[in-house]
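Peer 1: Generate a structure from the sequence data that follows.
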Amino acid sequence: MAGDGFCFTRMALFADVSAETLRRLAVSARQRSLPRGGIVAAEDVSCRIFLVLKGSVKMVRPSAGGDEALQQRLFPGDVFCLVSMVSGGHLCSYGEGLEASRLLSWPHELILELMDQDRQLCANVLLLLARQLEEERIKRCLAQCSNVASRIASFLLYRSKSESPSSQAPANDQIDLRPISLSAQELGIARETMSRTFSTLERQGVISCYRGLIKICDHERLRLIADGEQKEE
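Peer 2: Alright, predicted model coming up:
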């Protein structure tokens with residue numbers, strides 16, 4: 001099965017699994033179109049895993065005060081929510097389409113059954129869970145940065161490394177933070193604060209910024225700011 005040029009069998013979660021596993025996944029997959037603003041309810045997220053075929057989705061957790069906290073943004077090839085599958089718990093989080101999107105999903109019971117039968121699938125699930133937990137740890141560390149500039153600088157370095165094919169990010173790498181409002185929400189700061197910080201870093205020659213596309217011009221100075229060793233001018 002393919003969707004808009006993206007074949008689910010190519011994603012990391014299903015890499016090198018058996019032909020029988022792929023066959024069962026293909027015949028059991030449920031495809032869903034999600035409009036912008038459309039919701040994947042907490043009940044569905046708690047009993048199925050979802051793969052983004054096309055578009056983008058945000059995972060949101062409601063707060064007691066009625067506000068929403070952004071947990072993550074998901075793009076083609078990303079999968080959610082494995083944590084619910086392995087924990088067996090009910091989630092209060094839900095998905096919301098950031099644009100017209102297309103999803104595939106499978107019931108938890110099927111994936112767990114296939115994990116028992118296919119050791120490679122089991123290893124893939126554990127590896128993906130480990131990566132997701134590491135990303136969550138990094139985000140929590142970013143929230144502890146001493147000031148806004150160091151938090152944003154650390155975030156840019158993290159995104160630069162995660163989007164680069166090598167561990168040493170190239171000097172001209174570009175980071176897509178569009179829409180800025182969601183990137184600011186990820187860091188727990190106001191959009192205006194993030195925009196002002198970008199303007200300051202651009203004046204210093206540390207980055208260049210164009211409509212939410214960030215290019216790091218000086219990695220060393222950005223690392224100093226991230227470490228709190230260089231103050232904003």
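Peer 1: mind showing which ranges of this structure have poor pLDDT?
Peer 2: Under the criterion pLDDT under 70, the flagged ranges of the chain are 1-6, 64-66, 146, 162-173, 230-233.
Peer 1: top helix in it by residue count?
Peer 2: helix 119-143 (DSSP state H).
Peer 1: Output the contacting helices and strands for it.
Peer 2: helix 82-87, helix 108-117, helix 148-163, helix 180-187 (3 or more Cβ pairs under 8 Å, 6 or more residues apart in numbering; DSSP states H and E). For glycine as for every other residue, the C-beta is placed from the backbone atoms N, C-alpha and C.
Peer 1: Which of those helices sits closest to Gly38?
Peer 2: helix 180-187 (16.7 Å; Cβ to Cβ).
Peer 1: Tell me if I'm right that Trp106 and Gln31 touch.
Peer 2: No - between Trp106 and Gln31 there is no contact under Cβ atoms under 8 Å: 11.1 Å.
Peer 1: Those two: who's more crowded?
Peer 2: Using other Cβ atoms under 10 Å as the criterion, Trp106 and Gln31 rank with Trp106 on top: 20 against 12.
Peer 1: Please produce TSV containing the helices and strands packed on helix 119-143, extended by mean neighbour count and distance to Met59.
Peer 2: Converted to TSV, those look like this (neighbours: other Cβ atoms under 10 Å; distance: least, Cβ to Cβ, whole Å):
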stretch	mean neighbour count	distance to Met59
helix 82-87	16	11
helix 108-117	15	17
helix 148-163	20	17
helix 180-187	18	11
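Peer 1: any chance of the ones you listed in a markdown table, with distance to Met11 too?
Peer 2: Shown next, in a markdown table, are the helices and strands packed on helix 119-143 (distance: least, Cβ to Cβ, whole Å):
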| stretch | distance to Met11 |
| --- | --- |
| helix 82-87 | 13 |
| helix 108-117 | 13 |
| helix 148-163 | 17 |
| helix 180-187 | 23 |
